[in-house]
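Asks: For reference, the sequence and a predicted model appear below.
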Amino acid sequence: MQVTVIVPTYNERENIESLVTQLLSLPVAPRIIIVDDNSPDGTGAIADRLAAEHNGRVEVIHRSGKLGLGTAYLAGFRQALADGADLICTMDADFSHHPSFIPAMIERVGAGYDLVIGSRYVRGGGTVGCTVGRKLLSWGANLLAHLLLGLQARDTTAGFRCYRREVLAGMNLDAIRASGYSFLIEMLYRVQQMGWRVGEIPIIFENRRQGRSKVSRQEIAKALITVLRLACLRIVDRRRHSTSTPS
């Protein structure tokens, strides 16, 4: 199977070369799509050099500016599907998601799952180097997603994922409205609504060592709005289904 890993970047010059080197050394022989949002620190130029050095295994999508994590993933999804990828993984560029977990995610897909999440919140998972505030923020976001959206996965906000091609090819990607980190919640909601099977593997999430966090107050507000929007959509869908089902 062709495995493609999508890595969105913005100011990741300290991390991107080491990450690509470790990804390319994995036994699953992935291709890599770097989606760079015109990083001021020169990440895009480093990515171009890596693409030239690795003979088609690294591809770079350059965008005009910081357009949001969600739209970066969508650009990567479309390119990976066009390239014929069978499995499409997503991860952060800052080593909070370690490449060594990818083979286990792929193995889990082979066990019959359609989307596999690298999870902090299943047995064996955890976090390293995160502040109490960061942990509470993640815990609260997951609680809201479980209560309001009925999401079954334990780690609903994780960006470390592996999708089967059919999941993304069968989804209307243009209908996804979230553009930032809340994109991850909306994707999971839509995957579950479509009836695909979601699994998780334990990972250790390590807070970034190099560079600055991209999670802002604006992103937190957007995530809350996305959850409320999807909760309203869920209520409407339930009412529509109940009225269309004969008593």
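Replies: Right, received. Where do you want to start?
Asks: And residue 163, which helix or strand is it part of?
Replies: strand 161-164 (DSSP states H and E).
Asks: Return the list of strands paired to that strand, each annotated with direction.
Replies: Under the criterion DSSP bridges, strand 161-164 sits next to strand 87-90 (antiparallel), strand 115-119 (antiparallel) in its sheet.
Asks: ok, the helix or strand just after the longest one: who's next to it in the sheet?
Replies: The reference is to strand 115-119. Beyond strand 115-119 on the C-terminal side, the first helix or strand identified by DSSP H and E is strand 126-128. Next to strand 126-128 in the sheet, as set by DSSP bridges, lie strand 204-206 (parallel).
Asks: And whichever helix or strand comes after the strand it pairs with, what's buried?
Replies: The helix or strand immediately downstream of strand 204-206 is helix 217-244, counting by DSSP H and E. Of the residues in helix 217-244, 219, 220, 222, 223, 226, 227, 230, 231 count as buried by neighbour count, 16 or more other CB atoms under 10 Å. From N, CA and C alone the C-beta is placed, and that goes for glycine too.
Asks: so can I have CSV of those residues showing distance to residue 124 and pLDDT?
Replies: Below are the buried residues of helix 217-244 laid out as CSV (distance: CB to CB, whole Å; pLDDT from 0 to 100):
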residue, distance to residue 124, pLDDT
219, 28, 70
220, 28, 74
222, 31, 76
223, 26, 77
226, 29, 85
227, 27, 85
230, 29, 88
231, 31, 89
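Asks: End to end on stretch 91-105, go ahead and measure it.
Replies: 12 Å (CA to CA, to the nearest Å).
Asks: wait, I meant stretch 181-200
Replies: 19 Å.
Asks: chain center to that stretch: distance?
Replies: Computed by CA atoms, centre = their mean, to the nearest Å, the chain-centroid distance of stretch 181-200 equals 10 Å.
Asks: Spatially central residue for the protein, please.
Replies: With distances taken as CA atoms, centre = their mean, the residue of the chain nearest its centroid is residue 159 (3.1 Å).
Asks: Which secondary structure state does it sit in?
Replies: coil (DSSP: H, G, I helix; E, B strand; the rest coil).
Asks: Distance of the residue lying closest to residue 237 once chain neighbours are set aside relative to residue 40?
Replies: Excluding the flanking residues, the one nearest residue 237 by CB to CB, 6 or more residues apart in numbering is residue 193, at 7.8 Å. To residue 40, residue 193 is 38 Å away according to CB to CB, to the nearest Å.
Asks: Residue 5 too?
Replies: On the measure of CB to CB, residue 5 and residue 40 end up 24 Å apart.
Asks: hmm, back to that, quick one, what contacts the residue nearest to the centre of the chain?
Replies: Contact partners of residue 159, counting by CB atoms under 8 Å, 6 or more residues apart in numbering, are 69, 90, 91, 92, 97, 181, 184.
Asks: filter those to the buried ones?
Replies: So, by 16+ other CB under 10 Å, the buried ones in the contacts of residue 159 are 69, 90, 91, 92, 97, 181, 184.
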